[in-house]
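Trainee: Mind folding the following:
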Amino acid sequence: MGAIAWSSLLPLIIVSSLIMYEEWVSTPSCKIIPGPDPHENELGRGTEELKVMLVGNLLLLGSEAGYLNRYFRDYYMAKFFRKSFHSVNPDMLLVLGDVSAKGSELTRSHWLPVFNQFDQMLGPFLGLPFHVTLGDRDVGECSGLNPKSVNWIAGNLPGLDSAGCGAFEIRNVSFVSLNAVALLCGNNKLRFSVEKVIERERIDPRMDEEGTAEAINYSGKFSETYNDFAGRENDMPSGSGPVLLLHFPLDRRDDSKCSPESSNTRESRGFLGPGPYDLSHTVPPNATEYIFQSIKPSIIFSAHTHEFCDHTHPDGTREVTVSAMTWKARDDPGFVVATFHGNRRGVSVTYCSLARESHILLAYASVLVLLSSFVLVANIPQWRSLND
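Mentor: So this is what the prediction gives:
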């Protein structure tokens, strides 16, 4: 009788264990990453002005998602978003490109399921301010970059203009997002539109009465080639401008100078095939210099590489590259939380890692083996009685 009672309780025990396990593994593990400035690392937590959660490379498949992606990977990613929302308690969400895995190949009708899947995955974040930049998988490479297509995609995302750029301010923190894909192109209409955005956000070296920098419209002749980018000087000190958001990282002379949190090699799991650009691709050096001279970003957030990297540029500007937040790209996804402090405009960066897909699959396989073994052992007396 005892064995029978125990066997009847087994399904309830298994289901309860799985629910508890899912809740446990869905909670992110977060660690503050020390910045290059020791003074900023000592900022008091009482000065918190704005907390932003940054994710990248969601690689949604929409209607093309198969059973494994729809009912396992995307299911867990949605749980990760919900648990992260409650544990991090952010004020805003930033998505740094590659929302779609194959957006550049999709028609408008096939983009709609991607947008619906995106809304479902964000869940409680839809009640917060959020902003999305465009990635190469969203709009394609230079040879196929279509201004009309970019305009339509950007029109379905919050805060983007027809070129896929945006500028906004929240709680006294200013942000500028650029269509980094267009910055890779030569004589392209979108690239000139992005350049106009950069010039519009250009900091005037003249100061107002309160000692703050004013943004001005630049009416000069726009460059015809990237070689002209470096010709515009800005006398304001580095770090005086807004927070810069873009999909591709800026050019890095020494890519090895990353935080220990980053992995040694860029991981591409191969589930979706290669994107339009290699994972090591960055904004060209001359365009990078142009951005530094014009915008003077206070801090830069990028994505694309699928791995976390905390890099300091030669002028002291910090660039944080956000890891991919999907198992389609890497076994150990993650995201970043940036906390902006009011008094001294410092930024605290926290890296949050999520459960490995391989660990969860191993856990399910272990449960299946244990359950099968238990059923087998429980039925041994019956088999013996039949043989007798």
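Trainee: what's near enough to touch the residue lying closest to H359 once chain neighbours are set aside?
Mentor: In space, and not counting its chain neighbours, H359 is closest to V25: 7.5 Å by Cβ to Cβ, 6 or more residues apart in numbering. In short, each C-beta sits where N, CA and C put it, glycine included. Applying Cβ atoms under 8 Å, 6 or more residues apart in numbering to V25 gives the contacts 355, 359-360, 363.
Trainee: Neighbour-wise, give me the winner out of those residues.
Mentor: Per-residue neighbour counts (other Cβ atoms under 10 Å) across those peak at A355, which has 23 neighbours.
Trainee: which residues touch L93?
Mentor: Contacts of L93 by Cβ under 8 Å, 6+ apart are 52-55, 122, 125, 128-131.
Trainee: Please, which helix or strand holds it?
Mentor: Assigned by DSSP states H and E, L93 falls within strand 92-96.
Trainee: One more: A365?
Mentor: Per DSSP H and E, A365 falls inside helix 357-378.
Trainee: elements contacting that helix?
Mentor: helix 2-25 (3 or more Cβ pairs under 8 Å, 6 or more residues apart in numbering; DSSP states H and E).
Trainee: buried residues in the helix or strand just after the helix it packs on?
Mentor: Remark: after helix 2-25, the chain's next helix or strand is strand 29-33, criterion DSSP H and E. Within strand 29-33, the residues scored as buried using 16 or more other Cβ atoms under 10 Å are 30, 33.
Trainee: now strand 29-33, how far from the centre of its chain.
Mentor: Computed by Cα atoms, centre = their mean, to the nearest Å, the chain-centroid distance of strand 29-33 equals 16 Å.
Trainee: Stretch 326-343 too?
Mentor: 7 Å.
Trainee: Same check on stretch 29-36?
Mentor: 17 Å.
Trainee: Narrow the contacts of L93 to just the buried residues.
Mentor: Buried among these (16+ other Cβ under 10 Å): 52-55, 122, 125, 129-131.
Trainee: Among those residues, which are located in helices?
Mentor: L122 (DSSP state H).
Trainee: Would you format the buried ones among the contacts of L93 as CSV with distance to G144 included?
Mentor: Shown next, in CSV, are the buried ones among the contacts of L93 (distance: Cβ to Cβ, whole Å):
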residue, distance to G144
V52, 32
M53, 32
L54, 28
V55, 26
L122, 28
F125, 31
P129, 32
F130, 28
H131, 25
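Trainee: closest to L250 among the buried ones among the contacts of L93?
Mentor: For the buried ones among the contacts of L93, the residue nearest L250 by Cβ to Cβ is L54; the value is 16.0 Å.
Trainee: And that closest one, how far from T350?
Mentor: Distance of L54 to T350, given as Cβ to Cβ, to the nearest Å: 10 Å.
Trainee: quick one on the thing from earlier: between the contacts of L93, which sits nearest F335?
Mentor: V55 (4.6 Å).
Trainee: Show the contacting residues for the closest one.
Mentor: By Cβ under 8 Å, 6+ apart, the neighbours of V55 are 93-96, 322, 325, 335-336.
Trainee: F301: helix or strand, and which one exactly?
Mentor: Using DSSP H and E, F301 falls in strand 299-302.
Trainee: partners of that strand in the sheet?
Mentor: Within its sheet, strand 299-302 is paired with strand 243-245 (parallel), strand 318-321 (parallel), according to DSSP bridges.
Trainee: Helices along the stretch 251-388 of the chain, start to end?
Mentor: 285-295, 357-378, 380-387 (DSSP state H, counting those that start in this stretch).
Trainee: tell me the mean pLDDT for the second one?
Mentor: The pLDDT scores in helix 357-378 average 82.
Trainee: now stretch 320-327
Mentor: 96.
Trainee: would you list every one of the strands in this structure?
Mentor: In the chain, the strands defined using DSSP state E lie at 29-33, 48-55, 92-96, 130-133, 166-170, 173-177, 203-207, 213-215, 243-245, 299-302, 309-312, 318-321, 334-341, 347-353.
Trainee: can I get those in a markdown table with distance to L18?
Mentor: Formatted as a markdown table, the strands of the chain follow (distance: least, Cβ to Cβ, whole Å):
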| stretch | distance to L18 |
| --- | --- |
| strand 29-33 | 20 |
| strand 48-55 | 26 |
| strand 92-96 | 29 |
| strand 130-133 | 31 |
| strand 166-170 | 39 |
| strand 173-177 | 40 |
| strand 203-207 | 54 |
| strand 213-215 | 53 |
| strand 243-245 | 38 |
| strand 299-302 | 36 |
| strand 309-312 | 35 |
| strand 318-321 | 35 |
| strand 334-341 | 24 |
| strand 347-353 | 22 |
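Trainee: And these, which one averages the lowest pLDDT?
Mentor: strand 213-215 (a mean of 35).
Trainee: For the stretch 101-250 of the chain, which residues score under the pLDDT cut-off?
Mentor: 203-235 (pLDDT under 70).
Trainee: And the helices in it?
Mentor: Using DSSP H, counting those that start in this stretch, helices in the stretch 101-250 of the chain cover 108-122, 136-139, 147-155, 189-200.
Trainee: Tell me which of the ones you listed approaches A378 most closely.
Mentor: A378 sits nearest to helix 108-122 of all the helices of the stretch 101-250 of the chain, at 40.4 Å, using Cβ to Cβ.
Trainee: Would you mind confirming that G275 makes contact with R137?
Mentor: Yes - in this structure, G275 is within contact of R137 by Cβ atoms under 8 Å, at 4.9 Å.
Trainee: which neighbours do those two share?
Mentor: D98.
Trainee: and the two? which has more neighbours close in?
Mentor: More neighbours surround R137 than the other of G275 and R137, with 27 against 21 (other Cβ under 10 Å).
Trainee: Report the beta-bridge partners for A324.
Mentor: Assigned bridge partners for A324, using DSSP bridges, are G56.
Trainee: What of C352?
Mentor: Beta-bridge partners, per DSSP bridges, of C352: C30, F335.
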